[in-house]
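Colleague: coords below, sequence missing:
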């Protein structure tokens, strides 16, 4: 009995392991954020469009909002831009932009050419805010709840499908819980 | 690597950094028998002890962009930003543990090349020993089984 059962069990265990590990739709580079469930790091930076204007997430306290990290060097950010414009039009939550490792004038030009889905766009001059948020690339999109806690992080270009499947239910839940 | 090229453009910025790094290399004076040290665009810390700790910590922290390089080895901008962070924290008198905690709070345990030995990492640290033991048990059992076989396994007197 053992002669059969043991190799069979090992085979099944390995098959499950490989099925999970080698799943092509799984992004092996996407890391879970340790920030989930913790308070969102606060930042006060200047506005990309107007260096004299400050952008801070402290002013959004009590609101559900989205922080979208992007840069003009990032091709995937261009891909997701249309989805962001469509999401902004729904006016569900404010979208705050964070420009990362970039040039102010390039970022400004990008928004003028492609349209601006953001309520405000903060300019991370030296990458410190990005470090606080555990950013290691772009695009990255964070969802913050009414208590100022990060409740979700999405690493990859935003799409309408992702928005509906991952974000909208969480936003609704955050509003119910935080009312 | 797809992700590297795609998500964090190792473009103009990275190139500039690389060139700067090379420039810094070129400027290192030929100082006789001194052992070569890590070269960084920001130069070395004046305090030798701090520089040693800096090199140790930077080698222990993973660059999250290409993920198999340490921030000491990587040229991407994130690695450079993280090296700056480590350097500043050292100069501010922070302990090694405080610096590792700072990084894991933001990037998770994955940022460390060797995870600390604690309850939840026990499986990672213990697995090699468990496997070694399992291998030993298997070898022992096979050997014992074989030793039970008759020494002379020639077929009995044939025709």
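Modeller: Perfect, thanks for sending it. Note that this is a predicted model, so its numbers are computed, not measured.
Colleague: Contact residues of chain A facing chain B?
Modeller: For chain A, the contact set with chain B under Cβ under 8 Å from any Cβ of the partner chain comprises A:27, A:29, A:31-35, A:71, A:73-76, A:101, A:126-128, A:130-134, A:136-139. All C-beta atoms are positioned from the backbone trio N, CA, C, and that covers glycine.
Colleague: The host helix or strand of residue B:59 and chain A, are they touching?
Modeller: Using DSSP states H and E, residue B:59 maps to helix B:48-60. No. Helix B:48-60 stays clear of chain A (Cβ under 8 Å from any Cβ), getting no nearer than 14.6 Å.
Colleague: Show me what counts as buried in that helix.
Modeller: Buried residues in helix B:48-60, defined by neighbour count with 16 or more other Cβ atoms under 10 Å in any protein chain shown: B:51, B:53, B:54, B:55, B:57, B:58, B:60.
Colleague: which ones are touching the fifth one?
Modeller: Listed by Cβ atoms under 8 Å, 6 or more residues apart in numbering or on different chains, the contact set of residue B:57 reads B:86, B:90, B:96, B:99, B:100.
Colleague: Which helix or strand contains the closest residue in space to the fourth one that isn't next to it in sequence?
Modeller: The one in question is residue B:99. Spatial nearest neighbour of residue B:99, excluding adjacent residues (Cβ to Cβ, 6 or more residues apart in numbering or on different chains): residue B:89 at 5.0 Å. Residue B:89 is part of helix B:77-91, with elements assigned from DSSP H and E.
Colleague: Remind me what that helix packs against, helices and strands.
Modeller: Secondary-structure packing of helix B:77-91 (3 or more Cβ pairs under 8 Å, 6 or more residues apart in numbering or on different chains; DSSP states H and E): helix A:128-132, helix B:12-27, helix B:48-60, helix B:96-107.
Colleague: Mind doing that once more with 6 Å?
Modeller: helix B:48-60 (3 or more Cβ pairs under 6 Å, 6 or more residues apart in numbering or on different chains; DSSP states H and E).
Colleague: what's the angle between the helix it packs on and helix B:77-91?
Modeller: Interaxial angle of helix B:48-60 relative to helix B:77-91 (axes from the mean of the first three to the mean of the last three Cα atoms, to 10 degrees): 140 degrees.
Colleague: that's a helix at residue A:88, yeah?
Modeller: Yes. Read with DSSP: H, G, I helix; E, B strand; the rest coil, residue A:88 is one of the residues of a helix.
Colleague: Rounded mean pLDDT for the longest helix along chain A, please.
Modeller: As assigned by DSSP state H, the longest helix anywhere in chain A is helix A:2-21. The pLDDT scores in helix A:2-21 average 91.
Colleague: Just list what that helix packs against, helices and strands only.
Modeller: Partner elements for helix A:2-21 (3+ Cβ pairs under 6 Å, 6+ apart): none found.
Colleague: Show me where chain A dips below the pLDDT cut-off.
Modeller: Scanning chain A with the threshold set as pLDDT under 70 gives A:178-179.
Colleague: which residue ranges form the helices in it?
Modeller: So, for chain A - with DSSP H - the helices run A:2-21, A:75-90, A:104-114, A:128-132, A:160-162, A:168-178.
Colleague: deepest of those, which one?
Modeller: helix A:128-132 (a mean of 20; mean count of other Cβ atoms under 10 Å in any protein chain shown).
Colleague: what comes into contact with that helix?
Modeller: When contacts are defined by Cβ atoms under 6 Å, 6 or more residues apart in numbering or on different chains, helix A:128-132 is touched by residues A:41, A:43, A:100, A:124.
Colleague: Which pair of those spans the longest distance?
Modeller: A:41 and A:100 (14.1 Å; Cβ to Cβ).
Colleague: quick one: which of the two has more around it?
Modeller: residue A:100 (27 against 16; other Cβ atoms under 10 Å in any protein chain shown).
Colleague: Bridge partners for that one, pull those for me.
Modeller: residue A:124 (DSSP bridges).
Colleague: can you tell if the top helix by length along chain B touches chain A?
Modeller: Determined from DSSP H, the single longest helix within chain B is helix B:122-148. No. Between helix B:122-148 and chain A, judged by Cβ under 6 Å from any Cβ of the partner chain, nothing touches; the nearest distance is 10.6 Å.
Colleague: which helices and strands sit right next to that helix?
Modeller: By 3+ Cβ pairs under 6 Å, 6+ apart, helix B:122-148 packs against no helix or strand.
Colleague: Let me see the mean pLDDT of it.
Modeller: pLDDT averaged over helix B:122-148 gives 93.
Colleague: Buried ones only from the residues of chain A next to chain B, please, as a ChimeraX command.
Modeller: Restricted to buried positions by 16+ other Cβ under 10 Å, the ChimeraX selection for these reads:
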select /A:29,31,33,34,35,71,73,74,76,101,127,128,130,131,132,133,134,136,137,138,139
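Colleague: Can you tell me the centre-most residue of chain A?
Modeller: residue A:141 (1.1 Å; Cα atoms, centre = their mean).
Colleague: Can you name the residues bridging to that residue?
Modeller: residue A:68, residue A:154.
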